[in-house]
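**Q** Need coordinates for the below:
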Amino acid sequence: MIRTPDQRIRVFVSSTLRELAEERAAARRAIEALRLAPVLFELGARPHPPRALYRSYLQQSDVFVGIYADSYGWVAPEEEVSGLEDEYNLAPASMPKLIYVKAGAARDERLTALIARIQSDDTAAYLPFHTADELEARLGDDLATLMAERFEQSRSADRDDDGPHAGALVSRVPVPYTTTIGRADDVTAVVHMLTHGGDRLVSLIGPGGIGKSRLAIEVCLAAAHEFPDGVYFVALENVLEPALLLPTIAYSLGIRDNGEAAIEERISRALEGRHVLIALDNFEQIMDAAPVLVRLYTVAPLASFLVTSRVVLRIRGERVYDVQALTTPADGVPATLERAERSSACALFVDRAQAAAPAFALAESNAGAVMDICRRLQGLPLAIELAAAKVRMLSPHAIAERLERSLPLLTAAVRDMPERHRTMRATLEWSVSLLPAAQRALLEDLGVFAERFTLEAVEALEPGRAWEGGAIEGLAALVDGSLVTQTDFDGRSVLSLLAIVREYAVGRLEERGEADLVRAAHADYYRGLVVRLAPQLGGGGRAQAVAELGLQLANLRAAVRHLVHTDRLDDAGDFAWALLIYWWIMGLFAGVRVWMLELLAKDQPITQHTRAVAWFFSLWGQLWQRPAQEVVAGLGEVTRLFSESGDEDAAAMAFAARATARVQLPDPDVDRAESELNEAVARLHTIGNPWGEAITRVSLGRVAWLRGSIDDALAHLERATAIAEEGGDLFTRSIADNQKGRLLIVRGSVDEAERVFVRTLLDSLRLRHEEGAAYGLEGLCAVAAARGEPRLAGALSAAATAIRHRVGVFDVEAFTVHSLSLDAARATAPQLVAEGEALGEGLTLAEAVALALPEPERTRAAEVLARW
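**A** Now for the predicted structure:
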């Protein structure tokens, strides 16, 4: 079934790499053209097939595409089939399989046998092709047909009342790509604490590498049915500033921080009355933010929090759960196969060893060595995984001997750490010591990356480094050694480091005195990415640019942090300003404000332009939340600084912001604000900034509405819409249309209002903008009420309210005109409105949209939601 609207359909592509490079590119184009997510392996130069990884990818994919030509593929030592055949074997029988075989190829005998088997498989569709272009066309057509068939099935299937909504929220929890071993009792105990013990905040405490994050993930998955309003997993490993805790939580909850309300207020509103579980992973680096949690579970009494940390938070309401190591065989007991099999630590070693070397098996001959390894590593899961990854090169006996020689020496060097911390650090040192020098240097350089990063980003750091020319081979070796993780994100192959490995890598870089050098190279790469993508944000290329920036968001933040940390303050200001539209669309102003305030606090020489940028971001939230003459004056100073620095485009934007600030004052100067907004529009038009001109015209429309001049307001909004359409700017068009539709309702132009709100809703869905979707549903609620459909009006209003609640949206009362229409309907048909509201409260976004839209827009919306 298509999982709408929560996850894009994932298409797993299996083929040989170099032989079919052109065809793989064609397949990616065909898949992405349908806004599906291609799942391909790009690290092709590998010493052996990463079986555990592609098995995990297959488990998370929806469609299997096989592309075959001449080669059967390499068969690794101790394996019977190539990775190509293994992928086909591992694809679930229920998964649709589209197989494409290149005509006229001189095939390997084993590939011919595999194709013959596929032809007899009832679950696979088999087609020949001649060229990459032909493959692209056929695959696109076949996938479209398959999606249509599956969509019809999903529409006719019985609905599970809890399924779509709960599934949407639980899907935010990371999916483990390996088996969790030895944690069943821990999971049961922690779930009970959260659901039956009356504990609002449970902290999983333990040293790095003991498995706190994995335990948290399993608890979230196991407890999902106990939290009907959602389970959220918030990764904090790259959040280093305590002030970013709330913005990071808000982002994970789907709350956009556009500055119009304090972020804590929006989170409070979003969590009000909702029984949710929020997991906060790797809290130890922002301990100063711990009191914020007390405020959160005070204002959100039904929310529960699960925290992972190396140290206790020591705040009111905290219940500590000490995460223990896996069980190891007792010292001095005879080494037997039965004893090894009873140990969860040994079970983990065997599982991970078999992922690296499928022929590995626990036996009487190696049980003693495996027991010894697990005892020496004190049952630490990550340490055991690192050791198990070596079985392709070393026998368990050889691993045990090397640990016996190395660990005591390494732990002696870090005596100031607790015992398990020392063991974990020593195991990392030992594991890294087995790598060639170039791969060790590569791992250390990777420490500057945040969360997830791409092969292209790594290659940008390559010039002049010890590993130059060996990025792909080096990364493949680090993945195989469990030091780097390769996963899929939105159809892209991405890499990441565990927090403790990143910490180790950065520490080594700093010991060598090269940390700032590599951070500078990292920041320069992402500056270049921003320079390339920023121009696309103003128009038709925005969707692609926003998607790419979303993939890189953690590293964009890290790049700004690197620039500020290394006193490249002017570069940091340019970086932040170039992404103004992105911060605004995604609601990320709070984080930018933190960095800009840090920049100003540096008290270092900066240009006027940089000072203007920092002040602008610092004043933006005050403009909406605490409007005052000081804010107006500050934005006037920002305008002057931009103008004197020669950036007239930025000066016009700041000038428009100042005019908007005048409207927000307790005693607004509407005449002057309108005059300045008109001047700003003229300046932005002359400069050639259509986005700025369109969004400023929206402000003019709102001012005219406040004056009571609906015709003038509509004229401004029509012009804003036209400008946005010319530039392919769906976001600004949706904002303008929302205001325009409300005005049309006020004027009584119901049919025209419906057309506008339908477009608003569709645009918001294309942008994955839930706040905009709520506005569209509210507009169509007003339309339904005006047409005498009280039950429908009640349902759409309640569905929109649920969305507003979930993403913490506040709005000016004057602009919530649908409530007037709903009140009128309630006065004449209270029972029908109430029935509709009861229905709407339980609708998912997809169901609300289907209820709101007529055909064929309903089908178009379903197609868009299928790609969320």
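**Q** can you map out the strands along this protein?
**A** Chain-ordered strands for the chain, with DSSP state E as the definition, fall at 10-14, 37-39, 63-68, 97-102, 124-129, 201-205, 231-235, 277-281, 304-309, 318-322, 452-453, 485-489, 492-496.
**Q** Select, out of those strands, the one closest to residue 763.
**A** Closest approach to residue 763 among the strands of the chain is made by strand 37-39 (22.1 Å; CB to CB). (C-beta placed from N, C-alpha, C; glycine too.)
**Q** Could you give me the buried positions within that closest one?
**A** By neighbour count with 16 or more other CB atoms under 10 Å, strand 37-39 contains the buried residues 37-39.
**Q** any idea which of the residues you listed is closest to residue 406?
**A** residue 39 (38.2 Å).
**Q** Is that closest one bridged to anything, and to what?
**A** Assessed by DSSP bridges, residue 39 has beta-bridge partners residue 12.
**Q** Now do the same contact list for it.
**A** 10-13, 57, 60-61, 488, 491 (CB atoms under 8 Å, 6 or more residues apart in numbering).
**Q** one step back: can you redo the buried residues of strand 37-39 as JSON lines with pLDDT and distance to residue 408?
**A** Below are those laid out as JSON lines (pLDDT from 0 to 100; distance: CB to CB, whole Å):
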{"residue": "37", "pLDDT": "80", "distance to residue 408": "48"}
{"residue": "38", "pLDDT": "84", "distance to residue 408": "48"}
{"residue": "39", "pLDDT": "83", "distance to residue 408": "44"}
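**Q** Quick one: those residues as a markdown table, columns for distance to residue 215 too.
**A** Shown next, in a markdown table, are the buried residues of strand 37-39 (distance: CB to CB, whole Å):
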| residue | distance to residue 215 |
| --- | --- |
| 37 | 28 |
| 38 | 32 |
| 39 | 27 |
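**Q** and which of the residues you listed is nearest to residue 671?
**A** residue 37 (52.0 Å).
**Q** I'd like the distance between that closest one and residue 700.
**A** For residue 37, the distance to residue 700 (CB to CB, to the nearest Å) stands at 41 Å.
**Q** Then residue 406?
**A** 71 Å.
**Q** out of the two, which sits in the busier spot?
**A** Of the pair residue 406 and residue 700, residue 700 is the one with more neighbours under other CB atoms under 10 Å, namely 24 against 18.
**Q** Could you pull up the residues touching that one?
**A** 674, 677-678, 681, 716.
**Q** Same check on residue 509?
**A** 444-445, 447-448, 515, 518.
**Q** try residue 387
**A** With CB under 8 Å, 6+ apart, residue 387 has these contacts: 349, 373, 377, 399, 403, 427, 431.
**Q** 10 Å instead, please
**A** With contact set as CB atoms under 10 Å, 6 or more residues apart in numbering, residue 387 has these partners: 349, 352-353, 370, 373-374, 376-377, 380, 394, 396, 399-400, 402-403, 427, 430-431, 482.
**Q** Which ones among these map onto helices?
**A** Counting by DSSP state H, these place 349, 352-353, 370, 373-374, 376, 396, 399-400, 402-403, 427, 430-431 in helices.
**Q** and which of the residues you listed is nearest to residue 858?
**A** residue 352 (48.2 Å).
**Q** Pull the number of nearby residues for the closest one.
**A** Neighbour tally, residue 352, other CB under 10 Å: 23.
**Q** for residue 285, same thing?
**A** Neighbourhood size, residue 285 [other CB under 10 Å]: 18.
**Q** That one and residue 241, how far apart?
**A** 9 Å.
**Q** Please export the C-alpha coordinates of stretch 289-303 as PDB.
**A** The C-alpha trace of stretch 289-303 is given here as PDB (Å, rounded to 0.1, in the frame of the first residue of the first chain):
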ATOM      1  CA  ALA A 289      19.400  23.700  28.900                       C
ATOM      2  CA  ALA A 290      18.100  21.000  31.300                       C
ATOM      3  CA  PRO A 291      15.800  23.400  33.200                       C
ATOM      4  CA  VAL A 292      14.000  24.200  29.900                       C
ATOM      5  CA  LEU A 293      12.600  20.600  30.100                       C
ATOM      6  CA  VAL A 294      11.000  21.400  33.400                       C
ATOM      7  CA  ARG A 295       9.200  24.300  31.800                       C
ATOM      8  CA  LEU A 296       8.100  22.100  28.900                       C
ATOM      9  CA  TYR A 297       6.600  19.300  31.000                       C
ATOM     10  CA  THR A 298       4.900  21.900  33.100                       C
ATOM     11  CA  VAL A 299       3.200  23.700  30.200                       C
ATOM     12  CA  ALA A 300       2.500  20.300  28.400                       C
ATOM     13  CA  PRO A 301       1.100  18.100  31.200                       C
ATOM     14  CA  LEU A 302       0.300  15.100  28.900                       C
ATOM     15  CA  ALA A 303       3.800  15.000  27.200                       C
END
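**Q** from now on call the first residue 6
**A** New numbering, starting at 6: the last item is stretch 294-308.
**Q** That stretch: which residues count as buried?
**A** 294-295, 297-299, 301-302, 305, 308.
**Q** next one: stretch 345-354
**A** 345, 348-354.
**Q** what about it, how long is it end to end?
**A** End-to-end distance for stretch 345-354, by CA to CA, to the nearest Å: 10 Å.
**Q** how many neighbours does the residue lying closest to residue 204 once chain neighbours are set aside have?
**A** Nearest residue to residue 204, sequence neighbours excluded (CB to CB, 6 or more residues apart in numbering): residue 324, at 4.1 Å. By other CB under 10 Å, 14 other residues sit near residue 324.
**Q** domains in this structure, as residue ranges please.
**A** The chain breaks down by automatic domain parsing into domains covering 15-163, 170-327, 342-417, 442-518, 546-756, 760-870.
**Q** Which of those sits closest to residue 531?
**A** Of all those, domain 546-756 sits nearest to residue 531, with 3.8 Å by CB to CB.
**Q** Show me the shaky parts of the stretch 56-205 of the chain.
**A** For the stretch 56-205 of the chain, the stretches with pLDDT under 70 are 56-61, 82-83, 110, 127-128, 154-176, 182.
**Q** ok, now with 80
**A** 56-65, 79-84, 98-99, 109-111, 125-131, 152-177, 180-183, 202-203 (pLDDT under 80).
**Q** now do the stretch 406-555 of the chain
**A** Scanning the stretch 406-555 of the chain with the threshold set as pLDDT under 80 gives 412-426, 493-497, 543-548.
**Q** Please enumerate the helices of it.
**A** Along the stretch 406-555 of the chain, the segments classed as helices by DSSP state H, counting those that start in this stretch run 424-438, 442-451, 460-465, 476-485, 504-516, 520-538, 547-556.
**Q** mind checking how far stretch 71-78 is from the chain centre?
**A** Centre-to-centre, stretch 71-78 and its host chain are 34 Å apart (CA atoms, centre = their mean, to the nearest Å).
**Q** Buried ones in it, by neighbour count?
**A** Neighbour counts over stretch 71-78 (16+ other CB under 10 Å) mark 71-74, 76-78 as buried.
**Q** Can you check the distance spanned by it, start to finish?
**A** So stretch 71-78: terminal residues 13 Å apart, CA to CA.
**Q** Quick check, residue 303 in contact with residue 321.
**A** Yes. Counting by CB atoms under 10 Å, residue 303 touches residue 321, with 9.3 Å between them.
**Q** any idea of the mean pLDDT in stretch 258-276?
**A** In this model, stretch 258-276 has an average pLDDT of 82.
**Q** Straight-line length of that stretch, end to end?
**A** Stretch 258-276: ends 9 Å apart by CA to CA.
**Q** Work out the gap between it and the centre of the chain.
**A** Centre-to-centre, stretch 258-276 and its host chain are 18 Å apart (CA atoms, centre = their mean).
**Q** Equivalent analysis for stretch 852-868, please.
**A** Using CA atoms, centre = their mean, the offset of stretch 852-868 from its chain centre is 26 Å.
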